[in-house]
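A.B. asks: A predicted structure for the sequence below; I have some questions about it.
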Amino acid sequence: MFVSDEDLIMQSGKGDMSAFELLVRRHQEPLINYIHRLINDYHRAEDLAQETFLRVFQNASRYQPTASFKSWMYTIATNLSRNEVRNRARRNTYFFEDLVEDGADIHETSMMQDTRYQPDALAEKEERRQIVRKALAQLPENQRLALTLVTYQDLRYEEVADILGISEGAVKALVHRARQRMKKLLIKAGLGENVNEK
């Protein structure tokens, strides 16, 4: 029987550790990937995901089911990521470069059978990734966050609005402007008209 995230967080608030562990298992990998896209440091993203779950656990008894659990959790993660970015900016460190997930691990046997993993194809794919990363890095923060949450995290506009603290219409406008800007930047960088946003 499937138990909703909202029910699990309510149970966690009453001290049910198994409910909390299930929440972590459900959301850990997507949360790490989301944070990684924002801060460009996978190991630090793991740390911030742990910090997010710690704060979720610490505040589980105060959770109010007026917003979805996922929106609440991503709000915490977004705020922690923004703080990380601000701290890095103070140290003059470049960030927000690696917003494209590398995907699944590549096994040697599949590499030999699949032409996508031949050196030329891999080099071309990595070059495209670098171009997309640079284009994403040029977006204003709110556009980048909205686009990342909608496109890569598959969140609904309503959930993104809750996370960013803006209206649903504002999220749609941010995503639209981000996609338009990305298309222009990618065409300018030589990726052509047929740009895949994911």
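C.D. replies: Sure, I can see it. Quick caveat: nothing in here was measured; it's all calculated off a predicted structure.
A.B. asks: what strand or helix carries the residue nearest the centre of the chain?
C.D. replies: Among the residues of the chain, the one closest to the centroid is residue 34, at 2.1 Å (C-alpha atoms, centre = their mean). When elements are assigned from DSSP states H and E, residue 34 belongs to helix 17-39.
A.B. asks: and for that helix, what are the contacting residues?
C.D. replies: 3, 5, 7-9, 11-12, 42, 45-46, 48-49, 52-53, 56-57, 60, 69-70, 73-74, 77-78, 80-81, 84-85, 88, 95-96, 98-101, 144-145, 148-149, 152-153 (C-beta atoms under 8 Å, 6 or more residues apart in numbering). C-betas here are computed from N, CA, C, even on glycine.
A.B. asks: do stretch 42-52 as well
C.D. replies: Under C-beta under 8 Å, 6+ apart, the answer for stretch 42-52 is 28, 31-33, 35-36, 38-39, 73, 76-77, 80-81, 84.
A.B. asks: other SSEs contacting whichever strand or helix holds residue 163?
C.D. replies: Here residue 163 sits within helix 157-164, counting by DSSP H and E. Secondary-structure packing of helix 157-164 (3 or more C-beta pairs under 8 Å, 6 or more residues apart in numbering; DSSP states H and E): helix 69-90, helix 141-147, helix 168-188.
A.B. asks: now these as a markdown table including distance to residue 133?
C.D. replies: Shown next, in a markdown table, are the helices and strands packed on helix 157-164 (distance: least, C-beta to C-beta, whole Å):
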| stretch | distance to residue 133 |
| --- | --- |
| helix 69-90 | 15 |
| helix 141-147 | 11 |
| helix 168-188 | 11 |
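A.B. asks: out of these, deepest packed?
C.D. replies: Comparing the helices and strands packed on helix 157-164 by mean neighbour count (mean count of other C-beta atoms under 10 Å), helix 141-147 ranks first with a mean of 20.
A.B. asks: which secondary element of the chain has the worst mean pLDDT?
C.D. replies: helix 108-113 (a mean of 41; mean pLDDT, DSSP states H and E).
A.B. asks: in contact with residue 165: list those residues for me.
C.D. replies: residue 75.
A.B. asks: for it, grab phi and psi.
C.D. replies: The phi/psi pair for residue 165 (degrees, to the nearest 10) reads phi 70, psi 40.
A.B. asks: per-residue pLDDT, it?
C.D. replies: On the pLDDT scale, residue 165 is placed at 90.
A.B. asks: same question, residue 141
C.D. replies: 88.
A.B. asks: so how far is residue 88 from it?
C.D. replies: 13 Å (C-beta to C-beta, to the nearest Å).
A.B. asks: residue 135 now?
C.D. replies: Counting by C-beta to C-beta, the gap from residue 135 to residue 88 is 20 Å.
A.B. asks: how far away is residue 44 from residue 149?
C.D. replies: Residue 44 is 19 Å from residue 149, by C-beta to C-beta.
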